[in-house]
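A.B. asks: prediction below, plus the sequence it came from.
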Amino acid sequence: MKNVGQSLELHGKISEVREDATPFCVGTTGTWQGRRFTLAGRLQIRHQGGLWNEWFLAYDDEGAGGKAPWAWLAEAMGFLAVLEEAPRVAVGGQGHGDYGPGQRVAFSGEFYTVKEVGTARVIGGEGSLPMAVGHGWELPFVDFASFDDGAATLDFTGGEKQLYLGKYVQFSDLNFQGLRETLPPEHPMARVSNASTSSINCPSCGGGLERKTGLQGQAFFCPFCGGGIDVTQEPYRIFQQQDWSGGFTRATLKLSQTGEFEGHRWTVLAMQERHIAQWDVTWIEYLLHSDKAGYRWLAEQDGHFTWVEMMPGDADTEGLRVRVPSRYAGGRKFKEKETNTSVVTRVAGELYFRVQAGDEAVATDYMSPPYVLSKEVAGGEQTWSVGRYIEPEEVQKAFGIAEMPYRVGFLPHQPPPMDTWLKPLFWRWLAASALLLVWSIAYSAMKSPTVVASDNVAVEVPTALGPLLAQSAETPEVLAFRDSITRWYGPFEVTKGPTALMLTVKSDVSQGWMVASGALVNEVDGTAVTFDEELSYYSGPDWSEGNQIANITFPSVPAGTWSLRFEPVPGEVPAGRMSISLSLVTDVALTRWMGIAFAILTFPLFLAGVVRLIWTSRRDAGSI
């Protein structure tokens, strides 16, 4: 087809499309960036990496306002991307062979990474298309991806260079209507039951096998004999024969098993076992397929499970931590853990890519529990994936499994089990702490602190009494001296009671000590509240200890008339004299009770944090 004004004109011959399990059909509608569109036709394309569909997406507004009148919806290996022509964007003078995987280029100020360089071939088509296409038409291409799900393709067809720019999208982003599964059975585009399933026989053992994704499948490993079958063209042939002793006897899921998870129905298409010799670690990866969500992986290791989604683009590795786009793991940052080389030890089932036992891959893992980010390099191709640890109970419920294997050890991205209740506990603690703060502010605002006594006292220590005072002796001379320096303050009224009083004593004692002694005495009944508080201070060139200030609290003093008896008792006073200041304040706010209440509130959270720290330490020490 080619575009002629507002109509499409047929050019050349093209084969009919073959079943490939696509959920779309000619006539499917949707919206993208607020614009309605219809899928008017498609090209079915094969290349060295597999099969993909290029759907001709015609906008209903026909390009009004200078917008692109049409776009391509690329459907490949579970990814969807909408790409529009970018004729005004400079692409440079590089040829098709000048690009290589991992190379970075800039289009319209945005950097892209080369993901794949190849030549594809048209094997089928249907509906209306914007150009003349024939069967076997070759499409030299370079595919790019940017960090934030940007997609780009350079098309070198016919020796010319055309750039297409767009975005990788989710199925739900396009609000599809008129999908194959929703059409009535009599509709020519409708998907009938098991339309994508076809039966084949293993060329090695003759076992009956079911292909569930049509042309999307590139290899099928027989679960009966382990033979690897090339299903890209007939007659089918064996390209590898595995040693099949034991098979997948330890696998929790089975081939063709179905389950509901994250709002989609998944089918187990394949499974592969991988091994890291350095750590003697083995795990199984299940390849799952959903008509609408594409492909996912479910990894199982020692009773632990990880739900894995492939990323079309790259992670951002520029900073100290690796960052992923916002729609993966919330855009969080990951810390590098380790790099290991794994080997595929056995495979069974239908895969959309070519793999075989003995294939090696170098993977670098980055952690941010419960997520793990993996960069895998194999066969000259680099891919990124994001995995999320899921509880075995979730897998059991999704796939209806009667009995799950016991968990052994830890996974490095396994979240602490106490996190399920630690977060609610934290929010309760935060709410209680806020209430305590409000109460303490209101409590303090209700107080009216009043200074009822203050003084500055200078004490001269007789030389003869110095040694006796340092020994806390109670000779007649010492007792007479203490009487001479005793001070009385008051009487004063405590009008609000019971209330708290605070006596603050400051001393200049240095390289020695003294005792602030005395009592708070009720003038009516003679009851007294005594106190003795030591003040000391010692220091050297690079050290000091002690305190020259004492805050003495009387927490619950009844209303009444009171007096203060204060006796600054010298102890070891090398200078032979000391100066003391004192201040007595009534109706003070006792913030220490608030501190005690806060400590009681915080203790359960602190204890849980300690338990979590111990658990994560064991996890990090016991996992690779």
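C.D. replies: Ah, there it is.
A.B. asks: from here on, contacts and neighbour counts on C-alpha atoms
C.D. replies: Will do.
A.B. asks: any idea where the strands of the stretch 301-450 of the chain begin and end?
C.D. replies: Remark: strands assigned in the stretch 301-450 of the chain by DSSP state E, counting those that start in this stretch are 304-311, 322-323, 333-351, 360-368, 371-378, 381-390, 450-460.
A.B. asks: scratch that, the stretch 451-600 of the chain is what I was asking about
C.D. replies: Under DSSP E, counting those that start in this stretch, the stretch 451-600 of the chain gives strands at 487-494, 499-507, 512-522, 528-540, 543-547, 549-557, 560-572, 577-586.
A.B. asks: and the shortest one, what other elements does it pack with?
C.D. replies: Read that as strand 543-547. Judged by 3 or more C-alpha pairs under 8 Å, 6 or more residues apart in numbering; DSSP states H and E, strand 543-547 is in contact with strand 528-540.
A.B. asks: Gly136: which of the strands of the stretch 451-600 of the chain is closest?
C.D. replies: With C-alpha to C-alpha as the measure, strand 543-547 is the member of those nearest Gly136 (87.0 Å).
A.B. asks: could you check the angle strand 512-522 makes with that closest one?
C.D. replies: Going by axes from the mean of the first three to the mean of the last three C-alpha atoms, to 10 degrees, strand 543-547 is angled at 20 degrees with respect to strand 512-522.
A.B. asks: show me the strands paired with strand 543-547, marking each as parallel or antiparallel.
C.D. replies: Neighbouring strands of strand 543-547 in its sheet, by DSSP bridges, are strand 528-540 (antiparallel).
A.B. asks: what's next to the strand it pairs with, contact-wise?
C.D. replies: 507, 509-522, 544-550, 552 (C-alpha atoms under 8 Å, 6 or more residues apart in numbering).
A.B. asks: returning to what we had before: for the strands of the stretch 451-600 of the chain, which one sits closest to Pro203?
C.D. replies: Proximity to Pro203 (C-alpha to C-alpha) singles out strand 543-547 among those, at 86.1 Å.
A.B. asks: what residues sit buried inside that closest one?
C.D. replies: Neighbour-count burial for strand 543-547, with 16 or more other C-alpha atoms under 10 Å as criterion, is recorded at Asn547.
A.B. asks: now the strands of the stretch 451-600 of the chain in TSV, with distance to Thr249?
C.D. replies: Formatted as TSV, the strands of the stretch 451-600 of the chain follow (distance: least, C-alpha to C-alpha, whole Å):
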stretch	distance to Thr249
strand 487-494	84
strand 499-507	75
strand 512-522	79
strand 528-540	74
strand 543-547	69
strand 549-557	73
strand 560-572	83
strand 577-586	80
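A.B. asks: let me have those in a markdown table, adding mean pLDDT and distance to Gly263 as columns.
C.D. replies: Below are the strands of the stretch 451-600 of the chain laid out as a markdown table (pLDDT from 0 to 100; distance: least, C-alpha to C-alpha, whole Å):
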| stretch | mean pLDDT | distance to Gly263 |
| --- | --- | --- |
| strand 487-494 | 94 | 70 |
| strand 499-507 | 95 | 62 |
| strand 512-522 | 94 | 74 |
| strand 528-540 | 94 | 70 |
| strand 543-547 | 94 | 66 |
| strand 549-557 | 94 | 62 |
| strand 560-572 | 92 | 73 |
| strand 577-586 | 94 | 66 |
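A.B. asks: to His289, which of those strands lies closest?
C.D. replies: Across the strands of the stretch 451-600 of the chain, closest to His289 is strand 543-547 (C-alpha to C-alpha), at 69.7 Å.
A.B. asks: just want the angle from the closest one to strand 499-507.
C.D. replies: 140 degrees.
A.B. asks: hmm, who's touching strand 543-547?
C.D. replies: Identification of contacts with strand 543-547 by C-alpha under 8 Å, 6+ apart yields Leu535, Ser536, Tyr537, Tyr538, Ser539.
A.B. asks: go with 10 Å
C.D. replies: By C-alpha atoms under 10 Å, 6 or more residues apart in numbering, the surrounding residues in contact with strand 543-547 are 506-513, 534-539.
A.B. asks: also stretch 377-386?
C.D. replies: So stretch 377-386 is in contact with 100-102, 115-116, 296-297, 306-315, 324, 328-329, 341, 359-366, 371-376, going by C-alpha under 10 Å, 6+ apart.
A.B. asks: picking that back up, now which of the contacts of strand 528-540 would you call buried?
C.D. replies: The neighbour count (16+ other C-alpha under 10 Å) marks 507, 509-522, 547-550, 552 as buried among the contacts of strand 528-540.
A.B. asks: hmm, Trp297 and Thr306 touching each other?
C.D. replies: Yes. Applying C-alpha atoms under 10 Å, one finds Thr306 in contact with Trp297, separated by 8.2 Å.
A.B. asks: picking up where we left off before, could the contacts of strand 543-547 go into JSON lines alongside distance to Ala453?
C.D. replies: Below are these laid out as JSON lines (distance: C-alpha to C-alpha, whole Å):
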{"residue": "Lys506", "distance to Ala453": "14"}
{"residue": "Ser507", "distance to Ala453": "17"}
{"residue": "Asp508", "distance to Ala453": "20"}
{"residue": "Val509", "distance to Ala453": "22"}
{"residue": "Ser510", "distance to Ala453": "26"}
{"residue": "Gln511", "distance to Ala453": "29"}
{"residue": "Gly512", "distance to Ala453": "27"}
{"residue": "Trp513", "distance to Ala453": "24"}
{"residue": "Glu534", "distance to Ala453": "21"}
{"residue": "Leu535", "distance to Ala453": "20"}
{"residue": "Ser536", "distance to Ala453": "24"}
{"residue": "Tyr537", "distance to Ala453": "26"}
{"residue": "Tyr538", "distance to Ala453": "29"}
{"residue": "Ser539", "distance to Ala453": "32"}
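A.B. asks: and Arg35, how far from Tyr59?
C.D. replies: 7 Å (C-alpha to C-alpha, to the nearest Å).
A.B. asks: please say which of those two ends up with more neighbours.
C.D. replies: Tyr59 (23 against 12; other C-alpha atoms under 10 Å).
A.B. asks: thought that one was touching Glu84?
C.D. replies: No. The pair Tyr59 / Glu84 is not scored as a contact, 11.2 Å apart, by C-alpha under 10 Å.
A.B. asks: overlap in contacts, those two.
C.D. replies: Lys67, Ala68, Pro69, Trp70, Ala71.
A.B. asks: please, a PyMOL command that selects the buried ones among the contacts of stretch 377-386?
C.D. replies: PyMOL command restricting the contacts of stretch 377-386 to the buried ones, with burial defined by 16+ other C-alpha under 10 Å:
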select buried, resi 100+101+102+115+116+296+297+306+307+308+309+310+311+312+313+314+315+324+328+329+341+360+361+362+363+364+365+366+371+372+373+374+375+376
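A.B. asks: isn't Asp455 up against Leu582?
C.D. replies: Yes. With contact defined as C-alpha under 10 Å, Asp455 reaches Leu582; the gap is 5.4 Å.
A.B. asks: higher neighbour count, the two?
C.D. replies: Leu582 (19 against 12).
A.B. asks: pull the contacting residues for the more buried one.
C.D. replies: For Leu582, the contacting residues are 453-457, 503-507, 516, 549-551, 566, by C-alpha under 10 Å, 6+ apart.
A.B. asks: and which of those residues is nearest Ala597?
C.D. replies: Ranked by distance to Ala597 (C-alpha to C-alpha), the contacts of Leu582 are led by Asn551 at 20.4 Å.
A.B. asks: can you count the residues close to the residue nearest to that closest one when sequence neighbours are not counted?
C.D. replies: Using C-alpha to C-alpha, 6 or more residues apart in numbering and skipping the chain neighbours, the partner closest in space to Asn551 is Thr504 (4.6 Å). For Thr504, the neighbour count with other C-alpha under 10 Å is 16.
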